[in-house]
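here is a sequence together with a model predicted from it:
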Amino acid sequence: MLLIKNAKIYSMVAPAIEQGDILIENNKIIKIGQGIEEKKAEVLRADGLIALPGLVDAHTHIGGMNFSQPTHTDDLNEMTNNITPDLQAIYGIDPGSPDFAYAYQNGITTVAITPGSGNVVAGWAFAAKTYGKNIFEMCIKNPIALKVALGGNPKRVYGKRNQQPSTRMSIPVMIKDLLSRAKEYLEKKEQAQRENEELPAYDRELEAVIPVLKKEIPLKIHCTQFDMLTAIEIAREFGLDFTLDHAWGASEYLEEIVESGCKIVFGPIGSMKSLGEARLIDIESVVELDRRGVLVSLITDAPILSIDSLLHHAGEAVRAGCAVERVLRMITINAAEIIGVADRVGSLEVGKDADIVLFKGLPAYDTKAEVIAALIDGKIVYSA
């Protein structure tokens, strides 16, 4: 047992507790409050520190794109076939990548790891802890989403080969075609089961799409300002749950986003404003979407931007006018809900995984805030 004593606790689900305690047993939080005593517990003094749930980054490629290695590899962009729904990001991950250590050393204990955006349909994303012996042990949930990409990335990859898609208008047609074929395949399976007839021939690619059609997982749509209405139209046509990932330019489509009921995976905020799709890094849209009740998370897109920059992005959202408590939700419980793992992580509650970060200073508000200790599953994995 481990007892964290006298921290200021931001649970993300209740008002902050001054000089609060957290009792941990068997990797889980078993008690939160004030004045907790347990003779059997090892005590971790946290006087003057702030306790937060482990931070969650809802869109990364760490372990699969190892830009920090002398010779970097990219095992999350297949790019030999523009439609690959049956590929799984978990099989492309090196848990020895230093990005995982950078993550937990900076308070990030859970990440969504997604295929890249080189293909129109890229495959399954999954959620994992940032510490563990191997990626399958680290995995919390697989799949959490099916990744698709609108816009310039797949167009650039395949267009220069004189292959489809070479234009923006081709991409939604390809996505709709896959969804239509998967829908027909599912209907034939269900009819065969009802009527006790022979099932249609097994199709691995279409099987990978069925969880999306059944709303068991969302469509995770790489999307910026040029394609937001297209993304919404595709999801509406097939009645899908979906997230808009990156979502630069969302301020131009606030009403449509709210009406669609989608979730926003915004960022990275620190991207360079430039020509084309990355032109409009409208941080103010995060503030307004949150105000209107849209579930918003902030991301690094690591290693495109370093995983340790998540707190800098959060600070920029505060600087843009969002209350610090709301921003902290965007990198904890909001992100956990968006990637479908809020039953285990994202908040400090009895019964949840003991993923806890102790900060000196309030992150996203105090520019000098630093991680003093990070716990994953009740184990101290980093100590300053």
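All right, it came through fine.

when you work out contacts or count neighbours from here on, use the C-alpha atoms and nothing else.
Noted.

pLDDT weak spots in this structure?
Low-confidence regions of the chain, defined by pLDDT under 70, span residues 68-72, 272, 274-276, 278-279.

and the residue most central in space within it, what element?
With distances taken as CA atoms, centre = their mean, the residue of the chain nearest its centroid is residue 58 (1.3 Å). Take DSSP states H and E as the rule and residue 58 turns out to sit in strand 55-60.

cool, and residue 207?
Under the assignment given by DSSP H and E, the secondary-structure element containing residue 207 is helix 204-213.

and what of residue 289?
helix 284-291.

beyond that helix, next helix or strand please.
Later in the chain than helix 284-291, the nearest helix or strand by DSSP H and E is strand 296-298.

which elements pack onto that following strand?
Contact partners of strand 296-298 among helices and strands, from 3 or more CA pairs under 8 Å, 6 or more residues apart in numbering; DSSP states H and E: strand 55-60, strand 263-266, helix 284-291, helix 310-319, helix 324-330, helix 333-338.

now do it: everything it contacts.
Judged by CA atoms under 8 Å, 6 or more residues apart in numbering, the contacts made with strand 296-298 from elsewhere in the structure are 57-58, 263-269, 286, 289-290, 310, 313-314, 329-331, 334-335, 338.

coming back round to it: okay if I get the helices and strands packed on strand 296-298 as CSV plus distance to residue 228?
Conversion of these to CSV gives the following (distance: least, CA to CA, whole Å):
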stretch, distance to residue 228
strand 55-60, 18
strand 263-266, 11
helix 284-291, 14
helix 310-319, 21
helix 324-330, 21
helix 333-338, 18
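
closest to residue 245 out of these?
Comparison of these against residue 245 by CA to CA identifies strand 263-266 as nearest, at 4.6 Å.

who touches the closest one?
So strand 263-266 is in contact with 58-59, 242-248, 286, 294-299, 338, going by CA under 8 Å, 6+ apart.

the residue nearest to residue 77 when sequence neighbours are not counted: what secondary structure?
Nearest residue to residue 77, sequence neighbours excluded (CA to CA, 6 or more residues apart in numbering): residue 116, at 5.1 Å. Taken by DSSP: H, G, I helix; E, B strand; the rest coil, the conformation at residue 116 corresponds to coil.

separation between residue 116 and residue 82?
Using CA to CA, to the nearest Å, one obtains 12 Å as the distance from residue 116 to residue 82.

what touches both of the two?
Between them, residue 116 and residue 82 share the contacting residues residue 122, judged by CA under 8 Å, 6+ apart.

the two: who's more crowded?
The residue with more neighbours, out of residue 116 and residue 82, is residue 116; 29 against 21, by other CA atoms under 10 Å.

coming back round to it: what helices or strands is the helix holding residue 289 leaning on?
Packed on helix 284-291, when contacts are counted by 3+ CA pairs under 8 Å, 6+ apart, are helix 254-260, strand 296-298, helix 310-319.

ok now the second one, how far from the chain's centre?
Which is strand 296-298. Taking CA atoms, centre = their mean, to the nearest Å, the mean C-alpha location of strand 296-298 is offset from the chain mean by 9 Å.

I'd like the numbering to begin with 55 instead of 1 from here.
Yes, from this point I'll number from 55; that puts the last item at strand 350-352.

parallel or antiparallel, which strands does it pair with?
Within its sheet, strand 350-352 is paired with strand 317-320 (parallel), according to DSSP bridges.

could you tell me how far the partner strand lies from the centre of the chain?
Averaged C-alpha coordinates place strand 317-320 at 9 Å from its chain's average position (CA atoms, centre = their mean).
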